[in-house]
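Student: sequence plus the predicted model coming up.
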Amino acid sequence: MRLVTFSDGGGHDRLGALCRTDTAVVDLSGAAIYQMGRTFLCFSSMQALIEAGPAALDTTRQVLASTLQDEASEFLLDIASVRLRAPLPRPVQIRDCIAFFDHMRNSMPALVEIMIAESSDPQAMREHMKNTSSILTADDLPDFMLKNPVYYRCNNLAVIGPGQDIIWPDFANMMDYELEFAAVIGKTGCDIPRNEARGHIFGYTIFNDVSARDYQVKEMAAGIGVNKSKDFDTGIVLGPCIVTADEIPDPYNLMMTARINGEVWSEGSTSQMDFKFEDIIAYVSRNQTIHPGEVLGSGTVPLGCGLELGKFLADGDCIELEIESLGLLKNKIIKNHDGQPMGKEL
């Protein structure tokens, strides 16, 4: 199933399922009440459905099938009549991992070049970097990174969905998209063996980890890792739907594409993942319980961001991220500044 959260005419979020090649959506709560004569807590939100487990998914399939048999159903809505939200508007938690090594091999030297260019004495900074860091050439990555799917925690309160504007933060000049694949956790577990990890996945979605690259290099120079450069309102984009795991028999063979203003900038595949979600779940759950509604990002597919390509976003750009079988995630990035110059320092 292709599950969504959508806003109805009254501005309330509702749980739905896409159908008819994503041209229509079934209002699951309304349809269930009509068909079975009672309300279902599992249809109150995406989080409630995930927490309710496999039996709730069976009920969802039943409601969906029955609605589709009734061509005139009032709960079968044209997609143009609703507004899709992030499928999981407030994930329990979000971790973004490094599952594609070549993205890091491409990105680290590019970030260093920005750091050098932004410094007051670029030549001196270049010499300093040569003497203190191997990431200028990035012949290889740290051994720990090659052996563990390291991650950072994202702001689960900054999530937006398809069609919503990404607001350009006023402290940044170089904004970037990141084409990522994400798994949504469906079952609680701790110390999960790799061979059991797939059973903890509820479904998959597209993840755009929006990044302020010029601010990111300042954080790198301070030795504190990424924080504010990836932590601002509208900086996490998920959607357009969560495709349940049973619909994706091989999640590691999906084409990934990014287009900016209709022009293809990035192409890749989930087959390029060096760590699979099974590896990530086993690692993250070590001595730590994971819960339904958590999101695990794959990190960026190689050449899946402007940083790796040497070009960045501009005010008003339309970003389209597409992953085979998962749909199309489309947003604009805008400078909400009333004509004032950007680049304000924090």
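Tutor: Yep, it's here. Numbers count the residues shown, from 1 in each chain.

Student: per-domain residue ranges of this protein.
Tutor: Domain segmentation of the chain under automatic domain parsing yields 2-84, 93-334.

Student: gap between the two ends of the last one?
Tutor: Put plainly, it is domain 93-334. Using C-alpha to C-alpha, to the nearest Å, the end-to-end distance of domain 93-334 comes out at 26 Å.

Student: if I pick Asp214, what's in contact with it?
Tutor: Counting by C-beta atoms under 8 Å, 6 or more residues apart in numbering, Asp214 makes contact with 114, 118, 172-174. From N, CA and C alone the C-beta is placed, and that goes for glycine too.

Student: flag every buried residue along the helix or strand containing it.
Tutor: Using DSSP states H and E, Asp214 falls within helix 213-222. Within helix 213-222, the residues that qualify as buried are 213-220, counting by 16 or more other C-beta atoms under 10 Å.

Student: worst-scoring helix or strand of this structure, pLDDT-wise?
Tutor: Between all helices and strands in the chain, the lowest mean by mean pLDDT, DSSP states H and E belongs to helix 122-132, at a mean of 77.

Student: what's that helix in contact with?
Tutor: Against helix 122-132 from outside (C-beta under 8 Å, 6+ apart): 112, 115-116, 119, 136.

Student: how far is that helix from where the chain is centred?
Tutor: 35 Å (C-alpha atoms, centre = their mean, to the nearest Å).

Student: what do you get for stretch 299-308?
Tutor: 13 Å.

Student: would you mind writing the CA trace of that stretch as CSV?
Tutor: Extracted in CSV, the C-alpha atoms of stretch 299-308 (Å, rounded to 0.1, in the frame of the first residue of the first chain):
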residue,chain,number,x,y,z
GLY,A,299,22.5,9.2,3.5
THR,A,300,22.9,10.6,0.1
VAL,A,301,23.4,8.4,-3.0
PRO,A,302,26.7,9.2,-4.8
LEU,A,303,26.4,12.4,-6.9
GLY,A,304,23.0,12.9,-5.2
CYS,A,305,23.6,16.5,-4.1
GLY,A,306,24.8,19.7,-5.6
LEU,A,307,28.0,19.7,-3.4
GLU,A,308,29.3,16.7,-5.3
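
Student: who's Ile94 bridged to?
Tutor: Beta-bridge pairing for Ile94 (DSSP bridges): Val295.

Student: okay, how far is it across stretch 140-148, tip to tip?
Tutor: Start-to-end, stretch 140-148 (C-alpha to C-alpha) is 15 Å.

Student: ok so, going back, out of the contacts of helix 122-132, who's nearest Ile236?
Tutor: Met115 (24.6 Å; C-beta to C-beta).

Student: ok but that closest one is inside a helix, no?
Tutor: Yes. Applying DSSP: H, G, I helix; E, B strand; the rest coil, one finds Met115 inside a helix.

Student: turn the buried residues of helix 213-222 into JSON lines, including distance to Ser45 and pLDDT.
Tutor: Formatted as JSON lines, these follow (distance: C-beta to C-beta, whole Å; pLDDT from 0 to 100):
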{"residue": "Arg213", "distance to Ser45": "35", "pLDDT": "94"}
{"residue": "Asp214", "distance to Ser45": "37", "pLDDT": "91"}
{"residue": "Tyr215", "distance to Ser45": "34", "pLDDT": "90"}
{"residue": "Gln216", "distance to Ser45": "33", "pLDDT": "90"}
{"residue": "Val217", "distance to Ser45": "39", "pLDDT": "88"}
{"residue": "Lys218", "distance to Ser45": "38", "pLDDT": "86"}
{"residue": "Glu219", "distance to Ser45": "34", "pLDDT": "86"}
{"residue": "Met220", "distance to Ser45": "38", "pLDDT": "81"}
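
Student: low-confidence ranges in the stretch 201-346 of the chain?
Tutor: Under the criterion pLDDT under 70, the flagged ranges of the stretch 201-346 of the chain are 337-346.

Student: all strands of it, in order?
Tutor: Ranges of strands in the stretch 201-346 of the chain, per DSSP state E, counting those that start in this stretch, are 201-209, 211-212, 236-244, 255-260, 263-269, 294-305, 318-323, 327-334.

Student: could you look up the SS state of Val112?
Tutor: Taking three-state DSSP, the label given to Val112 is helix.
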